[in-house]
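Participant: sequence first, then the predicted structure, then my questions.
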Amino acid sequence: MDAPPTLTAVHEAVYTLYHDPDTSKKEMASQWLHNFQKSVYAWKIANEVLYEKRSVESCYFASQTIRSKIQYSFCELPVDTHISLRDSLLEHLRQASDDTSAVIVMQLCLAIADLALQMSSWQSPVKDLINLLGENHTGLLLQILGVLPEEVNSSSLRLGANRRNEILMSLRSVSQTVAEYLQYCISRSEDKKIQMKVFNCFASWISIQAVAPNDIIANIVSRALGILKNPSVESDIHDAASDCLCALFPFLEENNQQTLEMQVLAGVTELEECFLFAVAHEDKEKSINYCCIFTEIAEAFLEKILNVSTVEKPHFAINVFDLVLKCIGHYDYEVVEITFGLWHRLSDALYQRDSDTLNAVFKPYVQRLLVYLRRHCEMEADQTGILEDGDDFADFRVKVSELVKDLAFIPGATNCFHLMFLSLQQPNVTWRFTEAALFVMKAIAKQIFPEENDVVPKVVEMILNLPETTHLAVRYTSVLLLGELCEWLEKHPQSIEMALNFLLHSLQQPHLSTAAAIALQNICCASRDYMTVHFSGLMQIIQFMDNFGISNEAAIGLLKGVSVTLSRLPPDHIQEAMEQICRIQIMHLNQLVENDVAFEKDTHSDPVRCFDRLATVFKFVNPPADNDSAHPCLRILLEMWPYLSKACNKYQGDVRVMERCCRCLRFAIRCVGKQSTQILEPLVQQIVVLHQVHFHSCFLYLGSILVDEYGSEPSCTTCLLNMLQAFVGSTLRIFKDASSLKNYPDTVDDFFRLCTRVLQKMPSNFLQCSSFPCIWDSAITACSLDHRDANSSVMKFINNLILAGRFQREDADYKQCQSLVKSVLHEKGQLLVTTLIHTSVFYLHSYMMYNVAELIVELKHSDRVLTCQWLLVALQSLPTQNSSGCVTATPEQLNEFYQCLTTSTNPKEIAHALRDFVRLYR
């Protein structure tokens, strides 16, 4: 905005946004208000709107505007206006009444908290707030004190590590004052709202370790436990008391306070009866709170339990797992699911320790857990078919399956399998019980020793002899279980024949066909050599696959299994079988194209199905290499190409179809290798033309595959370089600046992958091509992208560029490459290093730092002296203070970081130093 809007204009825009029935006017008002919030005029006008109090909507908009300005645009304010802003916000808060909207009050509380954290001249905000608001505005003060610690680690404020440490020290210095005030409030007031705010405030302060151990208020903790023991207490204060207690547990985990630990543990243990009471009265909300308490205190004590427990003498807190198992016994699986994170963490910890002693300690708990989980996996009695994908209960069972896989090693997978099988031997077992037990067995089937000969043969025999009258869900799970036992079957080939007959029969039953296809895939992959005997039967299944009604995902899996088996055939048989399999898909694709069929996604008319199935076949067919004869898949690839080319032209505007077509071509070319050069030129011509029209990044990706496969062939060099030049022209049209790069991360990813491949295969040609300067400039600009894949491709490209001038090669172009790279780095090295440092500090995620560290190491290998100079200049260009005058990085910190960058040769060390350094600015 070039000029400040009037108050009336702001009010009118807010009114339009909330009340005008015209959608287009609402959108215009929303955009106008968004631009207003970004303008410098928003500070003053939003403050005036709050003083006017014309409507709830305008006041909410104004409070939210001020809060967001403090969060993201605090640098716009001169330092001498900070005090007036603070006083104005406090005045707005003091004017708030019981009738003021809670969301407005919350925005103002957050605003004053964010201001206190960034306003370095406000030396003692907590004490000042207590003095100003403590007597007459208790609720407001508690709310501010509650959000203040929460905002300390807010990424949007970018306080920096130095300021954040300064704030934490300041908060800890007044923790006793806050503790006394909270104790005063909890002891004097029976007001439920005040008590809830005290609990929330306590939880907030302890969550950032701003409270010293001697300031842990027994009164507040005991009050929270008292509320949790009261069966008639209302849900909202029950929630607050639960959150307060749960916030204490990480504090116990990180601090050695055994007396406090035992007191809290004793109090939590007394909540067992309260949980059972909530279960009996079907109070789900309170049950969830108790479950969270039991689970989180178990997580807090887990490391301590693991460090000292033995079977004879376990840690005193081991009994919390009995409390957690009480929660597993709850009738509602949503409550049960809360505990899953704890069990996964236990599994990881025990797996890393690899201790039979500790496994023995937890074995009985896991066995009891499995029994409970089996019960929770039981379907409803009136279930007539199988569960539908996406159903909430089906999703829960998937999570159970993953958990069982994780935990099975603790008691032993075979023991778990035996446990479930023994449960099936009980009299009068229902179909629900049977199906759930088989489901749990399916989860651990692949972990069983293939040589097991006690229970598994009985299970296999039971499955193969299931009566037709057995409930469909039991048969469905049994078929899947048989497939999961594929490794056992591979060691017992005498059972495979019967298993295949059973699966073939199941394949012809509509409700079991998908499960049978999945099971066949598993058996083919595990017993690929043995399955060659049955290959003709598999081919018949493939030919009539679509008649069985199996899902497309299962069909692709079946093709994978058949393709793996196909690879074990003699070369001439491979060629014949490949042609049969591929022609089915090619002919169907051609019918869709020729008949101009309007396709619907994920149906038989969808061309993507054909591309995905062809891609699967070429991906998993891996015949033995024989350079002296034609590749057995070459003939079918050449036969396919005209049809694929025609399909590309037909569906060129649909990015989804084009991505799958390129993927299909990728696997076909990878499969056949350099023998497929006959299709190179027509393929290149087609994707270049299509990319100039539609800019699909998948064409760039396919181009990188072509370079990788054919780049070392001199006869292909000209074609590939022309392809690159054409792609550069069409791609750089959308790479106008940093913002446009950010809008097309997939294109950036695929484009620089292509450039990297060309650089690796044809370095001299690439460095001398006319487009290289533009590519190099774009790469430096793209370093700031925070998209994982795009940034990784850019960094890899730059890394390979440096390596091209450093590593000696036998070819005659090495000296020329070395000279070209040296020239490029001398010209733009400073810009590159400054960009790397600035983007690391201000834009990149911490997991991206390793790529930057690798580049710095390679630059030092290339020219250490120059790189050190560039690093020094880059660091000197960083701000040492933020807009409020807080120190971001001290001279000592800058020097320490510089020394690490220049002396370390280990990318991991530099990446670690980078992560520490960028915290000074965030």
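Facilitator: Cool, the structure landed. Residues are numbered from 1 along each chain as shown.
Participant: OK, contacts around the closest residue to residue 741 other than its chain neighbours?
Facilitator: Distance criterion CB to CB, 6 or more residues apart in numbering; nearest residue to residue 741, sequence neighbours excluded, is residue 782 at 5.1 Å. C-beta here means a position set from N, CA and C on the backbone, and glycine is covered the same way. By CB atoms under 8 Å, 6 or more residues apart in numbering, the residues touching residue 782 are 738, 741, 748, 752, 790, 791, 794.
Participant: any chance of those residues in a markdown table, plus secondary structure and pLDDT?
Facilitator: Converted to a markdown table, those look like this (DSSP: H, G, I helix; E, B strand; the rest coil; pLDDT from 0 to 100):
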| residue | secondary structure | pLDDT |
| --- | --- | --- |
| 738 | helix | 73 |
| 741 | helix | 87 |
| 748 | helix | 96 |
| 752 | helix | 97 |
| 790 | helix | 96 |
| 791 | helix | 96 |
| 794 | helix | 97 |
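Participant: out of those residues, which are buried?
Facilitator: Listed as buried from these are 741, 748, 752, 790, 791, 794; burial here means 16 or more other CB atoms under 10 Å.
Participant: does the fifth one really touch residue 849, like I thought?
Facilitator: So that's residue 791. No: at 10.8 Å, residue 791 and residue 849 do not qualify as touching, with contact defined as CB atoms under 8 Å.
Participant: please report how far residue 319 lies from residue 759.
Facilitator: In this view, residue 319 and residue 759 are 62 Å apart by CB to CB, to the nearest Å.
Participant: looking at these two, which has the bigger crowd around it?
Facilitator: More neighbours surround residue 759 than the other of residue 319 and residue 759, with 25 against 14 (other CB atoms under 10 Å).
Participant: surely the more buried one meets residue 801?
Facilitator: Yes: in this structure, residue 759 is within contact of residue 801 by CB under 8 Å, at 6.3 Å.
Participant: separation between residue 414 and residue 142?
Facilitator: According to CB to CB, residue 414 and residue 142 sit 56 Å apart.
Participant: er, residue 790 I mean
Facilitator: According to CB to CB, residue 790 and residue 142 sit 45 Å apart.
Participant: the longest helix in the chain is where?
Facilitator: Counting by DSSP state H, the longest helix found in the chain is helix 814-842.
Participant: quick one: buried residues of the following helix or strand past it?
Facilitator: Remark: after helix 814-842, the chain's next helix or strand is helix 849-862, criterion DSSP states H and E. Within helix 849-862, the residues that count as buried by 16+ other CB under 10 Å are 849-860, 862.
Participant: out of those residues, which is nearest to residue 401?
Facilitator: When those are ranked by distance to residue 401 (CB to CB), residue 850 comes first, at 33.8 Å.
Participant: who touches the closest one in this structure?
Facilitator: With CB under 8 Å, 6+ apart, residue 850 has these contacts: 907, 908, 911.
Participant: adding distance to residue 332, neighbour count and secondary structure, write the residues you listed out as a markdown table.
Facilitator: Shown next, in a markdown table, are these (distance: CB to CB, whole Å; neighbours: other CB atoms under 10 Å; DSSP: H, G, I helix; E, B strand; the rest coil):
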| residue | distance to residue 332 | neighbour count | secondary structure |
| --- | --- | --- | --- |
| 907 | 49 | 19 | helix |
| 908 | 46 | 11 | helix |
| 911 | 45 | 23 | helix |
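Participant: pLDDT wise, what is residue 591 at?
Facilitator: What the model reports as pLDDT for residue 591 is 96.
Participant: just give me the residue right at the centre of this structure.
Facilitator: In the chain, the residue lying closest to the centroid (CA atoms, centre = their mean) is residue 788, at 11.6 Å.
Participant: hmm, residue 848 and that residue touching each other?
Facilitator: Yes: counting by CB under 8 Å, residue 848 is a contact partner of residue 788 at 7.2 Å.
Participant: show me what counts as buried in stretch 690-707.
Facilitator: Residues of stretch 690-707 classed as buried: 690-691, 695-707 (neighbour count, 16+ other CB under 10 Å).
Participant: separation between residue 820 and residue 766?
Facilitator: The value you get for residue 820 to residue 766, if CB to CB is used, is 9 Å.
Participant: the more surrounded of the two?
Facilitator: Between residue 820 and residue 766, residue 766 has the larger neighbour count (other CB under 10 Å), namely 24 against 20.
Participant: who touches that one in this structure?
Facilitator: Contacts of residue 766 by CB under 8 Å, 6+ apart are 721, 724, 755, 758, 759, 772.
Participant: for the first one, grab the count of nearby residues.
Facilitator: Using other CB under 10 Å as the criterion, residue 721 is surrounded by 18 other residues.
Participant: which of the helices or strands spans it?
Facilitator: Residue 721 is part of helix 717-731 when elements are defined by DSSP H and E.
Participant: check which helices and strands that helix sits against.
Facilitator: Here helix 717-731 touches helix 680-694, helix 697-710, helix 745-761, helix 763-768, going by 3 or more CB pairs under 8 Å, 6 or more residues apart in numbering; DSSP states H and E.
Participant: the helix or strand of the chain with the lowest mean pLDDT - contacts with which helices or strands?
Facilitator: Among the helices and strands of the chain, helix 738-743 carries the lowest confidence by mean pLDDT, DSSP states H and E, at a mean of 83. Applying 3+ CB pairs under 8 Å, 6+ apart, we find helix 738-743 packed against helix 772-782.
Participant: what comes up buried for the helix it packs on?
Facilitator: For helix 772-782, by 16+ other CB under 10 Å, it's 772, 775, 776, 778, 779, 780, 781, 782.
Participant: with stretch 333-343 instead?
Facilitator: By 16+ other CB under 10 Å, the buried positions in stretch 333-343 come out as 333, 335, 336, 337, 338, 339, 340, 342, 343.
Participant: the last one reaches residue 405, doesn't it?
Facilitator: No: when contacts are counted by CB under 8 Å, residue 343 is not listed as touching residue 405 (11.5 Å).
Participant: how about low-confidence regions in the chain?
Facilitator: Within the chain, the stretches with pLDDT under 70 are 808-812.
Participant: residues in contact with whichever strand or helix holds residue 361?
Facilitator: Using DSSP H and E, residue 361 falls within helix 356-376. The contact list for helix 356-376 (CB under 8 Å, 6+ apart) reads 306, 309-311, 314, 318, 321, 325, 328-329, 333, 336, 343, 346, 350, 396, 400, 403-404, 407, 409-411, 415-416, 419-420, 423, 436-437, 439-440.
Participant: show me how to select, in PyMOL, the buried members of these.
Facilitator: Selection of the buried residues among the contacts of helix 356-376 in PyMOL, burial being defined by 16+ other CB under 10 Å:
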select buried, resi 306+309+314+318+321+325+328+333+336+343+346+350+396+400+403+404+407+409+410+411+416+419+420+423+436+437+439+440
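Participant: can you flag which of the contacts of helix 356-376 belong to helices?
Facilitator: Counting by DSSP H, the contacts of helix 356-376 place 306, 321, 325, 328, 333, 336, 343, 346, 350, 396, 400, 403-404, 407, 415-416, 419-420, 423, 436-437, 439-440 in helices.
Participant: quick one on the thing from earlier: looking at the contacts of residue 850, spot the one nearest residue 146.
Facilitator: Checking these one by one against residue 146 (CB to CB), the nearest turns out to be residue 911, at 36.4 Å.
Participant: tell me who's in contact with the closest one.
Facilitator: Listed by CB under 8 Å, 6+ apart, the contact partners of residue 911 are 849, 850, 852, 853.
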